[in-house]
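Trainee: dropping the sequence and predicted coords here.
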Amino acid sequence: MLPTCCWHTCTITPGAKTGRCPRDKRVVREPSTERDIWWASTSSGSPNYEMDERSFLLNRETAVSYLNSLHHVFVFDGYANWDPEARIKVRVVTERAYHALFMHNMLIRPTGEELEEYGEPDFIIYNAGAFPANRFSNYMTSTTSVDINLKSREMVILGTQYAGEMKKGVFSVMHYLMPKRGVLSLHSGCNMGAAGDVTLFFGLSGTGKTTLSTDPRRPLIGDDEHCWGPEGVFNIEGGCYAKCIGLKASSEPEIYKAIRFGSVLENVVVNEATRAVDFVSNVITENTRASYPIDYIDNAKIPCVGPHPRNVVLLCCDAFGVLPPISKLSLEQVMYHFISGYTSKVAGTEMGVTEPEATFSACYGGAFLMWHPMKYAAMLAEKMRQHGTKGWLVNTGWTGGSYGVGSRISLKYTRAIIDAIHSGALNSAQYLEMPLFKLQVPTSCPGVPSVLLQPALQWADKDDFNNTLAQLATLFVGSFNSYLEDAALHVGADMADRILSGGPDMKQVQELCEAAAATAAAAAAAVNEQQQEKLEKAVAACSTAPAPAGADTVVVAGVGGECKACLARKASEAEGLPAVN
C-alpha cells in the first residue's frame, strides 16, 4: 500500500478497489434539489441512488471522526473550471498523501496570492477511504459508500481508496451546478486549431477519443471534462487522468513524456529490483492510470479556454460493421446519438463476450449525470444552433463485416476524416442517406477511398448487411426506451418527441425484420424439402432389394435413408465377404 518512486513519480496501488464503485454512489434526496435530479429506478438507467440527510450525516460524522483520530491529514485547496466566472473552490481533506497529490494534479492549482484570498470553499471532499462504511446502516449496500450532498456542497468517501472517485465526484457536482447557470457540462476531449476553430470529441473507451483529440497540430484544451458557457468552452480540470495500459513512447509520446516528477501512476506494476514500470501488465487491473498536471503536455493550451466550438464529433467503435466511417448529423440526430452514447465490445475484451456487444452510456458519461440526459442534449443542440456548430458521427470500428469477418477501419483514414472536418472539405461534399438510421453519408472525402464510405458496398452478402443493420437499430431503440419513462417531465413532450425523431426509422426496421424472418423461413422450408426428397429416393432405391423380415429402415447422417439390409450388404462387400441375403 505504500507508494514507491519510479521515474520520480508516485506509483500507488489503491487496494481492493481498483476502479469506481457506481452502485455505491449516493445522492442526498432533499426538497431543494430533488425535483432537478434524475433519480434511479428499476427502468430509468439513472446512476443517482438516493439517501436521506440523516444517513448522510451519519457517514459524514464517521469520516470526520476517523480523520480527526489520525496524527495528521493532508488538505489541498484548488479550483474547478478555468473560466473565472464559473470557478468553484474545492477543498480536499484526506488521510493519504497520494490523494492530496492526485487532486493537486487534477484541480486547478491556485497561485500564492489566490491562496491568501481563498476564504471558505464552495465544496468539500472528506476522503476517509481507508475506513469502511457500516453496511448494515440505511441505504448502504456494502462497506463502500460515495455520498454527495448538493445542499451542503459536501462529499464523503468511505471504504475505497481509488483516487478517481474524487475526480468524478467533482465532475458530478459540476453536472448539477453548471446547467443551473446555463452552462453545459460535457464529458469530452477538446482541442483548437490555428484559426481558433474548436472541436469537441465525445467517445467511450476504445473509440479513439484521446488519440484523436491529442493532435500535435492542434493545442489541447483538455482531455476529459469541459463546459460550454456564454463565452465559449473551458476545461473543468487542471490535469489529465490518462489510461496507460500498453502505453508506448512511439504511439502516445505526449502522455509518455508527461509521466515525470509530480505525476501519479495508479494500479501499474513496477519491477521491485529495477523500478521500471511495466505498462503492458494487467495483473492488478486493466484500469491502469496516470495523473499529471495539464501543463506537462507540451501542446496544452494554457489557460484552458477557447471560443465556441465549430465542430462536435461523436465517436463510436461499431463492431457490427454497419455504420459508416463518417456521417453528417442534424441537430435531432446529434441529440439522439449524444444520449445513446454508443460503442461496442468485441470478443476477447471481457470474459464471456464471444460476439459483438452493443454498449450505451448516456451523454458518453452516464455514471456522472445529475439531470435527465435529455436536459443536456437539449442544451447541446441549442448551443450548436446558436453558434452554427456542425455535428458528425465518426465510426472507428469495423467495415466489410462484423468483428471476426470484416476489418478495423485504418487510423490513417480516420485521421483523414477528422482533417476533412477541420478543413471544411466535407461541407461541400455530396451526401447519400443511409437507410434505417437516416444518416447523411458523404460520397467522397479527401484521403479516404470512396467505397469505404458506404458500408453496404463493403459487405459480400447484402441481406446479411441489412439484417445486421436492423439488429443494431433494434438495440439502439431498446436502449433509448430507458430514457423515455419520465422524459416529458424533464424537457417537455415536444422536445422528447423531437429527440426521438433523430433515431432509427422503426417502420423500416420492422419491415426489414419481417423480410429477414420470411427469408429465413423460406430457406428452412427449402432445406427440409431437399432432405425429404433425398430420403424418398434412398428408400425407393432399396425397394429393389427388399429387407428381410424384421429389418427396418434407418436414416444415416450424410446418406439420406437406407434399410439395414442394404447397409449390411455394403459392409460385407467392402470387406470382401459373401453377400448377405
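Mentor: Right, received. Where do you want to start? Being a predicted model, the structure only gives us computed values, none of them experimental. Numbers count the residues shown, from 1 in each chain.

Trainee: pass me the low-pLDDT residue ranges in the stretch 201-350 of the chain, would you?
Mentor: The stretch 201-350 of the chain contains residues with pLDDT under 70 at 346-350.

Trainee: which residues in it form helices?
Mentor: Under the criterion DSSP state H, counting those that start in this stretch, helices of the stretch 201-350 of the chain are mapped to 209-213, 253-258, 331-340.

Trainee: what's the closest of those to Arg415?
Mentor: Arg415 sits nearest to helix 209-213 of all these, at 7.4 Å, using C-beta to C-beta. Bear in mind the C-beta positions are built from the backbone N, C-alpha and C, glycine included.

Trainee: keeping just the C-alphas, turn that closest one into PDB.
Mentor: Extracted C-alpha coordinates of helix 209-213, given in PDB (Å, rounded to 0.1, in the frame of the first residue of the first chain):
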ATOM      1  CA  LYS A 209     -11.100  10.000 -28.200                       C
ATOM      2  CA  THR A 210      -7.800  10.500 -26.500                       C
ATOM      3  CA  THR A 211      -5.800   9.600 -29.700                       C
ATOM      4  CA  LEU A 212      -7.800  11.900 -31.900                       C
ATOM      5  CA  SER A 213      -8.100  14.900 -29.500                       C
END
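
Trainee: counting by contacts, list what it packs against.
Mentor: Applying 3 or more C-beta pairs under 8 Å, 6 or more residues apart in numbering; DSSP states H and E, one finds that helix 209-213 makes contact with strand 189-192, strand 198-202, strand 309-316, helix 411-423.

Trainee: now those in TSV, with mean neighbour count and distance to Ser46?
Mentor: Output for these, formatted as TSV (neighbours: other C-beta atoms under 10 Å; distance: least, C-beta to C-beta, whole Å):
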stretch	mean neighbour count	distance to Ser46
strand 189-192	25	25
strand 198-202	25	20
strand 309-316	24	22
helix 411-423	18	33
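
Trainee: in TSV, list the ones you listed along with distance to Arg153.
Mentor: As requested, the helices and strands packed on helix 209-213 are arranged in TSV below (distance: least, C-beta to C-beta, whole Å):
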stretch	distance to Arg153
strand 189-192	26
strand 198-202	28
strand 309-316	29
helix 411-423	39
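
Trainee: show me the one of the ones you listed that comes nearest Lys167.
Mentor: Among the helices and strands packed on helix 209-213, strand 189-192 comes nearest to Lys167, with 15.5 Å by C-beta to C-beta.

Trainee: packing partners of the host helix or strand of Asp497?
Mentor: Assigned by DSSP states H and E, Asp497 belongs to helix 493-500. Other helices and strands packing on helix 493-500, by 3+ C-beta pairs under 8 Å, 6+ apart, are helix 331-340, helix 373-387, helix 487-491.

Trainee: so the longest one versus helix 493-500, what angle?
Mentor: For helix 373-387 and helix 493-500, the angle between their directions (axes from the mean of the first three to the mean of the last three C-alpha atoms, to 10 degrees) works out to 80 degrees.

Trainee: in its sheet, which strands sit next to the helix or strand just after helix 373-387, and in what direction?
Mentor: Downstream of helix 373-387, the first helix or strand assigned by DSSP H and E is strand 390-395. Paired neighbours of strand 390-395 in the sheet (DSSP bridges): strand 309-316 (parallel), strand 326-329 (antiparallel).

Trainee: with just CA atoms, put the longest one into CSV.
Mentor: Listed in CSV are the C-alpha atoms of strand 309-316, where the atom choice follows Å, rounded to 0.1, in the frame of the first residue of the first chain:
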residue,chain,number,x,y,z
PRO,A,309,-16.9,25.0,-30.9
ARG,A,310,-17.1,24.8,-34.7
ASN,A,311,-17.5,21.0,-34.7
VAL,A,312,-18.9,18.3,-32.4
VAL,A,313,-17.6,14.8,-33.1
LEU,A,314,-19.4,11.8,-31.7
LEU,A,315,-17.1,8.8,-31.8
CYS,A,316,-18.1,5.1,-31.8
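
Trainee: next, the angle from that strand to helix 331-340.
Mentor: On the basis of the same axes, to 10 degrees, strand 309-316 is oriented at 50 degrees to helix 331-340.

Trainee: related to what we said a few turns ago, most packed of the helices and strands packed on helix 493-500?
Mentor: Comparing these by mean neighbour count (mean count of other C-beta atoms under 10 Å), helix 331-340 comes out on top with a mean of 24.

Trainee: which strands and helices lie in contact with it?
Mentor: strand 309-316, helix 373-387, strand 390-395, helix 462-480, helix 493-500.

Trainee: in CSV: these, plus distance to Gly229.
Mentor: Output for the helices and strands packed on helix 331-340, formatted as CSV (distance: least, C-beta to C-beta, whole Å):
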stretch, distance to Gly229
strand 309-316, 12
helix 373-387, 9
strand 390-395, 19
helix 462-480, 28
helix 493-500, 21
